[in-house]
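Chemist: my questions are about this predicted structure, shown below with the sequence.
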Amino acid sequence: MNDRRQFLASTIGWMGATTACSLWGQTAETQPEVLLPRNRVPLSFVIDDSTCLVNMGHFCTPQFAEALPERKEYKKPWRTWPREIPDSFVRSFGQWCAEHSVKGKYSIVPNPACVGWLDRELPGWSRRDLQDSLKLVRELMLPNWDIHPEMITHTRVIDLKTGRPLEAINSGTMENSYPQEKKSVDELAAYLAYALRILEHCDLPCEGITTPGGFGNLVKSELSLAVDQAVRDVYPNVDLPHYFKYVRNGDESTEPVLEHLRDEGTAAVRCTVNVPAGTGDWFGGWQGDRKSEPDRYANRAASSGRMIELIERRQPAIMLCHWPGIYSNGTEDGFQSFQRIVTSIADRFGDQTLWMKMSEIGRYWTAKQLTKMTRIGNTVQMQAPYRSELFTLRIPQVTGPIRFGDQPLTPVTDLRTLDSGTWYADGEDAIVCVNLPTGASTLTCQGRS
């Protein structure tokens, strides 16, 4: 269920808008350089198999056992596991994360394991229980977490005409291995949109989707386009859809990949952002019955572990978990391990890292790659197809004062305090941080004499 194949995504389509800097009258040494946001390594936490109330480990296991009876993983004593991950735990988790600035992605499976529809009824819980749970997600999680559907049920494939699971029960009718044959972009988009509309009915905004397991493995290129089509169809105000499917291992880059990049005319660019994770799930697993291995992410001294490796490589450090493995069938072992990891990283790298949503990381890399910059003397003119907060540039051989449009930027004397609307003198260069708008904008500096 948590098996995610590696995928080296290829950019398809329009390629003319990759990072550019026309140096009219300038040398290569004076070219502006886009740095990491606030000059810090992005961190994020990807939570899969989460939803309202339903413990997916308990309800998914017997369905997978019927479809794949030979798998030992599905013969575990699921009846002994709690059927619910209570809102009291969601509240404890969300509040702790907010206090420690943790951000990421939180799945909401729309019809979790076929138990019930979140925009209607959830049998086994009262309507008030369901409404309170959705309200908690909207009020507590939304400020710091992207909400994704993780397909429709995360178990059985749904017939979109009837709203009922396909009659046959086998590996091919489970979402984790669907589809078993080629599907068109429109067919895939219809399936994704079905899931998105349920969350839209629940007043949950979505800018992306998460695939369960191997969903879409046979149609990877079509899936990327379908994400763009479905998200924009259900949420017309979303300008940059993204998705989570892949995990990068070893020396592979964990930077987001822009897929199906294409020119829409009049300086507009359209693409889908593939935001990968950089770790495996070493918490309690998708069934919540494993012992967590927090040192695989970061040891207590934050001197080793996959997250430390990525931070020291200065690449996005996005760690993966499954929600039942954070609850750990009521022991909260995964949550305690997560807390230790977060505090260890903060103790050593707190002023070098920045927690971000997956959408924010995807947006930043899109702006980093597609914003065209032209330096003329001590003026940098930027043309951005997508806005991005905390856009950070190194501009060689300039000093203050520095203005962004009509607004003067505030100088800071410590790079660790760099934030939007400020700049830092780094030797002969200036490091500036601004909230980059869509369209044209200008940075005006003073040259060094």
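Modeler: Done, it's in.

Chemist: isn't Leu53 right up against Ser88?
Modeler: No. Using C-beta atoms under 8 Å, Leu53 is not in contact with Ser88; the gap is 11.2 Å. In short, each C-beta sits where N, CA and C put it, glycine included.

Chemist: who's more crowded, the two?
Modeler: Leu53 (22 against 9; other C-beta atoms under 10 Å).

Chemist: what about stretch 113-128, average pLDDT?
Modeler: Here stretch 113-128 scores 98 as its mean pLDDT.

Chemist: same deal with stretch 141-153?
Modeler: For stretch 141-153, the per-residue pLDDT averages 98.

Chemist: repeat that for stretch 386-404.
Modeler: On average, stretch 386-404 scores 95.

Chemist: tell me how far it lies from the chain's centre.
Modeler: Averaging C-alpha positions (C-alpha atoms, centre = their mean, to the nearest Å) puts stretch 386-404 26 Å from its chain's average.

Chemist: list the buried ones in that stretch?
Modeler: 386-400, 402, 404 (16 or more other C-beta atoms under 10 Å).

Chemist: before we move on, what about stretch 380-387?
Modeler: In stretch 380-387, counting by 16+ other C-beta under 10 Å, buried: 380, 382-387.

Chemist: same question for stretch 301-309.
Modeler: Buried residues in stretch 301-309, counted by 16+ other C-beta under 10 Å: 302, 305-309.

Chemist: end to end, how far does that stretch reach?
Modeler: For stretch 301-309, the first-to-last residue distance is 13 Å (C-alpha to C-alpha, to the nearest Å).

Chemist: so how far is Ile402 from Thr442?
Modeler: Separation of Thr442 from Ile402 (C-beta to C-beta, to the nearest Å): 11 Å.

Chemist: circling back to that earlier point, going by distance to Pro241, which of the buried residues of stretch 380-387 wins?
Modeler: For the buried residues of stretch 380-387, the residue nearest Pro241 by C-beta to C-beta is Tyr386; the value is 11.7 Å.

Chemist: quick one: the closest one from Trp145, how far?
Modeler: Going from Tyr386 to Trp145 by C-beta to C-beta gives 21 Å.

Chemist: among the buried residues of stretch 380-387, which one sits closest to Thr162?
Modeler: The shortest approach to Thr162 among the buried residues of stretch 380-387 belongs to Tyr386, at 39.0 Å (C-beta to C-beta).

Chemist: what's near enough to touch that closest one?
Modeler: Taking C-beta atoms under 8 Å, 6 or more residues apart in numbering, we find Tyr386 in contact with 239-240, 269, 363, 366-367, 370, 438.

Chemist: which among those count as buried?
Modeler: Buried among those by 16+ other C-beta under 10 Å: 239-240, 269, 363, 366-367, 370.

Chemist: return the member of those residues nearest to Leu223.
Modeler: Comparing the buried ones among the contacts of Tyr386 against Leu223 with C-beta to C-beta places Leu240 closest, at 16.9 Å.

Chemist: just the pLDDT for the closest one.
Modeler: 97.

Chemist: so what's the backbone phi/psi at it?
Modeler: Phi and psi for Leu240, reported as degrees, to the nearest 10, are phi -140, psi 80.

Chemist: which parts of the chain are helices?
Modeler: Per DSSP state H, the chain carries helices over the ranges 56-67, 87-99, 127-136, 185-201, 220-234, 306-313, 323-327, 333-349, 358-370.

Chemist: any chance of those helices in JSON lines, plus distance to Glu252?
Modeler: Putting those into JSON lines (distance: least, C-beta to C-beta, whole Å) gives the following:
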{"stretch": "helix 56-67", "distance to Glu252": "28"}
{"stretch": "helix 87-99", "distance to Glu252": "27"}
{"stretch": "helix 127-136", "distance to Glu252": "36"}
{"stretch": "helix 185-201", "distance to Glu252": "25"}
{"stretch": "helix 220-234", "distance to Glu252": "16"}
{"stretch": "helix 306-313", "distance to Glu252": "11"}
{"stretch": "helix 323-327", "distance to Glu252": "24"}
{"stretch": "helix 333-349", "distance to Glu252": "21"}
{"stretch": "helix 358-370", "distance to Glu252": "15"}
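
Chemist: who's in contact with the spatially most central residue of the chain?
Modeler: Among the residues of the chain, the one closest to the centroid is Met358, at 2.4 Å (C-alpha atoms, centre = their mean). Contact partners of Met358, counting by C-beta under 8 Å, 6+ apart, are 44, 46, 104-105, 146, 208, 242, 244, 275, 318.

Chemist: how near is Leu354 to Val434?
Modeler: The gap separating Leu354 from Val434 is 15 Å, by C-beta to C-beta.

Chemist: same question but for Val115, I mixed them up
Modeler: Taken as C-beta to C-beta, the span from Val115 to Val434 is 46 Å.

Chemist: ok, Asp132 next?
Modeler: Between Asp132 and Val434 the distance is 40 Å, computed by C-beta to C-beta.

Chemist: so which of the two has more stuff around it?
Modeler: Per other C-beta under 10 Å, whichever of Asp132 and Val434 has more neighbours is Val434, with 23 against 14.

Chemist: residues in contact with the more buried one?
Modeler: Contacts of Val434 by C-beta under 8 Å, 6+ apart are 391, 404, 409, 420-421, 441, 443.

Chemist: buried members of the residues you listed into ChimeraX, please.
Modeler: Selecting just the buried residues from those in ChimeraX takes one command, with 16+ other C-beta under 10 Å as the test:
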select :391,404,409,420,441,443
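
Chemist: of the contacts of Val434, just say which sits nearest to Glu255.
Modeler: Phe391 (15.9 Å).

Chemist: if we can go back for a sec, so of the helices of the chain, which one's packed in deepest?
Modeler: With neighbours taken as mean count of other C-beta atoms under 10 Å, these reach their highest mean count in helix 323-327, at a mean of 27.

Chemist: ok, and what's touching it?
Modeler: Helix 323-327 is contacted from outside by 47-51, 55-58, 85, 89, 93, 107, 281, 283-288, 290, 292, 332, 334-335, 338, using C-beta under 8 Å, 6+ apart.

Chemist: quick one: Thr444 from Gly405, how far?
Modeler: The gap separating Thr444 from Gly405 is 9 Å, by C-beta to C-beta.

Chemist: higher neighbour count, the two?
Modeler: Counted by other C-beta under 10 Å, Thr444 and Gly405 do not tie: Thr444 has more neighbours, with 18 against 12.

Chemist: which residues touch the more buried one?
Modeler: Thr444 neighbours (C-beta under 8 Å, 6+ apart): 378-379, 402-403.

Chemist: what separates it from Val398, distance-wise?
Modeler: Distance, Thr444 to Val398, by C-beta to C-beta: 10 Å.
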